[in-house]
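[1] Provided below for reference: sequence and predicted model.
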Amino acid sequence: MSEQVWVVLQHREGKLHRMSKEAIAAGQRLAGEIGGTVSGVLLGSGLGDLVAQASAFDLATLYTVDDSALQDYNPGAYVAALTPAIREQAPAFVVFPHTYQSVDYFPRLGQALDAALVPEVIGFENGADGLIWQRPILGGKLQARVRVKTSGTVLLSVQSGAFPADGAAAGQADVEPLPSVPSGLTSDREILEVQQVGDDQVDLTKADVIVAIGRGVGGADKVESLRELAKVLGADIGASRPVIDNGWLLDADGNVERERQIGSSGQTVAPKLYIAAGISGAIQHLVGMKGATCIVAINKDATAPIFNIAHYGIVGDLHEIVPALTEAVAAVKG
Amino acid sequence: MRIAVCIKQVPDTEARLRVAKDGKWLDEEDLRFVINESDEYAVEEALTWAEKTGGEVVIISLGPARVQEALRKGLALGAAKAIHLVDEAYQGGDARATAVALAAAIQNEGADLVLTGSQSDDVGYGSTASLVAGHLGWPHAWLVMGLEVEEGGATAKVTREMESGMNEVFRLTLPAVIEVQAGINHPRYASLKGIMKAKRKPIDKPTPAELGLDAASLGAAGSHLEILEIAFPDSGDGAQMIEGDAAAAAKELVEKLQKEARVL
Ligand SMILES: Cc1cc2nc3c(=O)[nH]c(=O)nc-3n(C[C@H](O)[C@H](O)[C@H](O)COP(=O)(O)OP(=O)(O)OC[C@H]3O[C@@H](n4cnc5c(N)ncnc54)[C@H](O)[C@@H]3O)c2cc1C
């Protein structure tokens, strides 16, 4: 039997998660590399149209589990549903999208199976020693190449943007129930509510120009020059997570403007112009802004990863450059 | 409540990073180390709940001798005692091996709640604490932005971050492993009195044998993963770098944004 690659698909409100398609693309590439087949796994309750969405990819089989215990995501039922099938079918690899949902439970699944875990994969190569995985370390400043030393199923999660969704080949999968799912799955979390963070008054998704403040700004008392730059540009202010966590970005009433956070746990923006000042360029920030048409990075560290995705870069102290930029913009905007 | 908090010491993100000669990790000479960012928030959360419930905090870290400084800081902030897994056998492991050691230390110590950060800022597996929960047979939650211990410690209401600015609120039973996300609270500073008191607080250094552990399950020997090489990423197309003093660079940038990129 040829080796199998499984891809566990995530969804929300009746739609496949964008990163599920990226995970399919990764799984298909991986299967190509090892000469195996790729299948999808879809878990939920009342799957309905999701089955049609998920089976429209080039997958050998789409395995489904439709169970009321899977209505709301919870690690207990997810791990219990997946463990026996993976143990019995022993796929070589199980691919997960690197999302806040997958990473919440896939370590527990790895433990149940004693399978190796490779989180946050951004690439792989097939060398003499088998597959070598690339993953970012130290906030994306460096990358590591890692190898799994042990044998058996490997669980991996693929980071956003590493395997573009348009690389996922379309097709028609056979749909089958996932084998060996235990009866009586139970949720181990009593879900109380889902909340929106902050108010929804600030919508940066439609902003044309964003001035984004990073930890390099150095304190709540130092953001004023960035506000001035934003003013002359007619821009909205955004921020990296530490700026928000440290309470450096406050509204007129002194409340932390968490809704201005950009990145995987904040807003995803795509302005024409994005000016990142004192932001290093960690992946969780990049996923929220790399769709900007033009990215300018100002950073005192010439090796900051933000320069790898920026279009224009200035190395230096933002407290000197930003006021100069404000003046230069004012001069041309008059 | 007796609360265990696990912390990791990581290279300062502001530090100049150099790859070691063997290419497998950083050259640690002259490197500055700090407590991992989300772990600092975990310490604060642990101290807060210990105060509210009249309990105490045990702070645990696995790592080489330098980690003692991080533990002393935790003690200065208010933890009652520290456990340092410093034995050579513990070192150099992946999430799997590290979790085996941490879980054993927690079990040995006894705890009603375990707090940790969500992810380390160096290797960033984001899985170690969930694996600890697995060993203990406890529920866990990753990326926690709100914690409320209820019913005298029988349950907890947990607010967990989801993507794109949404939070999920749910209840789980205690004991549990709660992996907090940066921003959940406002970490306190150590007082001078706290720093003085910390000097007299105990730091235990249990050996694997004392925790009933077999060296084969620890460190590199107990790991699934091996780091072959680390390197600075290829800079891709890279940015067009604009040189000169602040005024000249600003002027040139504005010109380029107008005429080349046409976004101004
Ligand atoms: C699950 C998870 C979710 C996350 N979600 C998000 C998210 O939604 N958004 C987000 O942004 N992050 C998020 N993060 C955090 C992310 O990993 C990084 O820690 C964060 O993006 C770093 O922010 P930063 O670049 O501002 O700070 P740092 O990484 O500390 O970088 C500061 C930069 O400023 C530069 N600098 C310092 N002083 C100056 C100066 N005077 N002039 C110019 N430059 C200077 C430094 O060289 C450095 O490059 C998340 C992390 C996790 C684990």
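    Perfect, thanks for sending it.
[2] Give me the contacts around stretch A:309-323.
    A:216-218, A:222, A:225-226, A:228-229, A:276-278, A:281, A:286, A:290, A:294-302, A:306-307, B:236, B:239-242, B:246, B:249-250, B:253, B:256-257, B:261 (C-beta atoms under 8 Å, 6 or more residues apart in numbering or on different chains). Where you see a C-beta, it was placed from the backbone N, CA and C, and this is true even at glycine.
[3] let's go with 6 Å and repeat that
    The contact list for stretch A:309-323 (C-beta atoms under 6 Å, 6 or more residues apart in numbering or on different chains) reads A:216, A:225-226, A:229, A:277-278, A:290, A:294-298, A:300, A:302, A:307, B:239-242, B:246, B:249, B:253.
[4] what's near enough to touch the nearest residue to residue A:330 once chain neighbours are set aside?
    Nearest residue to residue A:330 in three dimensions, chain neighbours excluded: residue A:232, at 4.9 Å (C-beta to C-beta, 6 or more residues apart in numbering or on different chains). Neighbouring residues of residue A:232 by C-beta under 6 Å, 6+ apart: A:326, A:329, A:330.
[5] Out of those, the closest to residue B:110 would be?
    Using C-beta to C-beta, residue A:326 comes nearest to residue B:110 of the contacts of residue A:232, at 57.9 Å.
[6] how does chain A divide into domains?
    Chain A breaks down by automatic domain parsing into domains covering A:4-177, A:204-333.
[7] and the ones you listed as CSV, adding distance to the ligand?
    Formatted as CSV, the domains of chain A follow (distance: least, C-beta to the nearest ligand atom, whole Å):
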stretch, distance to the ligand
domain A:4-177, 5
domain A:204-333, 2
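[8] would you turn the ones you listed into CSV with distance to residue B:36 and mean pLDDT?
    Below are the domains of chain A laid out as CSV (distance: least, C-beta to C-beta, whole Å; pLDDT from 0 to 100):
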stretch, distance to residue B:36, mean pLDDT
domain A:4-177, 12, 96
domain A:204-333, 13, 96
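[9] closest one to residue B:174 among the ones you listed?
    Nearest to residue B:174, of all the domains of chain A, is domain A:4-177, at 15.3 Å by C-beta to C-beta.
[10] hmm, that closest one touching chain B?
    Yes - using C-beta under 6 Å from any C-beta of the partner chain, a contact is recorded between domain A:4-177 and chain B, made by A:100, A:103-104, A:107-108, A:111, A:116-117, A:119, A:137-139, A:142-150.
[11] now that domain, how far from the centre of its chain.
    14 Å (C-alpha atoms, centre = their mean, to the nearest Å).
[12] List buried members of the residues of domain A:4-177 next to chain B by neighbour count.
    Among the residues of domain A:4-177 next to chain B, the ones that count as buried by 16 or more other C-beta atoms under 10 Å in any protein chain shown are A:100, A:103-104, A:107-108, A:111, A:116-117, A:119, A:137-139, A:142-148.
[13] returning to what we had before: just the ones of the residues of domain A:4-177 next to chain B in helices?
    A:103, A:104, A:107, A:108, A:111 (DSSP state H).
[14] Was I right to think the first one contacts residue B:126?
    Yes - look at residue A:103 against residue B:126 with C-beta atoms under 6 Å: they come within range, at 5.4 Å.
[15] Let me see the domain layout of chain B.
    Structural domains annotated on chain B: B:2-222, B:238-264, as defined by automatic domain parsing.
[16] Once you drop chain neighbours, what's closest to the residue of the stretch 1-150 of chain B at minimum distance from the ligand?
    Per C-beta to the nearest ligand atom, residue B:119 is where the stretch 1-150 of chain B lies closest to the ligand, at 4.2 Å. Leaving aside its chain neighbours, residue B:119 sits nearest to residue B:126 (4.0 Å; criterion: C-beta to C-beta, 6+ apart).
[17] re earlier: kindly reformat the domains of chain B as CSV and extend each row with mean neighbour count, distance to residue A:23 and mean pLDDT.
    Below are these laid out as CSV (neighbours: other C-beta atoms under 10 Å in any protein chain shown; distance: least, C-beta to C-beta, whole Å; pLDDT from 0 to 100):
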stretch, mean neighbour count, distance to residue A:23, mean pLDDT
domain B:2-222, 20, 15, 96
domain B:238-264, 17, 29, 96
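[18] so can I have JSON lines of these showing distance to residue A:17?
    JSON lines is the format used below for the domains of chain B (distance: least, C-beta to C-beta, whole Å):
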{"stretch": "domain B:2-222", "distance to residue A:17": "9"}
{"stretch": "domain B:238-264", "distance to residue A:17": "31"}
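[19] Out of the ones you listed, which gets nearest to residue A:67?
    That would be domain B:2-222 among the domains of chain B, by C-beta to C-beta, at 18.4 Å.
[20] out of the domains of chain A, which comes closest to residue B:185?
    domain A:204-333 (9.7 Å).
[21] before we move on, back to that, so can I have TSV of the domains of chain A showing distance to residue B:166?
    Shown next, in TSV, are these (distance: least, C-beta to C-beta, whole Å):
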stretch	distance to residue B:166
domain A:4-177	10
domain A:204-333	9
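[22] report the longest helix in chain B, please.
    Longest helix in chain B, counting residues (DSSP H): helix B:37-53.
[23] strands paired with the helix or strand just after that one, and their directions?
    Helices and strands here follow DSSP states H and E; after helix B:37-53, the next one along the chain is strand B:56-62. Its sheet considered, strand B:56-62 pairs with strand B:2-7 (parallel), strand B:81-85 (parallel) by DSSP bridges.
[24] for strand B:56-62, the distance to its chain's centre please.
    12 Å.
[25] count of neighbours near the nearest residue to residue A:248 once chain neighbours are set aside?
    Spatially, and ignoring its direct neighbours in sequence, residue A:248 is nearest to residue A:220 (4.2 Å; C-beta to C-beta, 6+ apart). By other C-beta atoms under 10 Å in any protein chain shown, 14 other residues sit near residue A:220.
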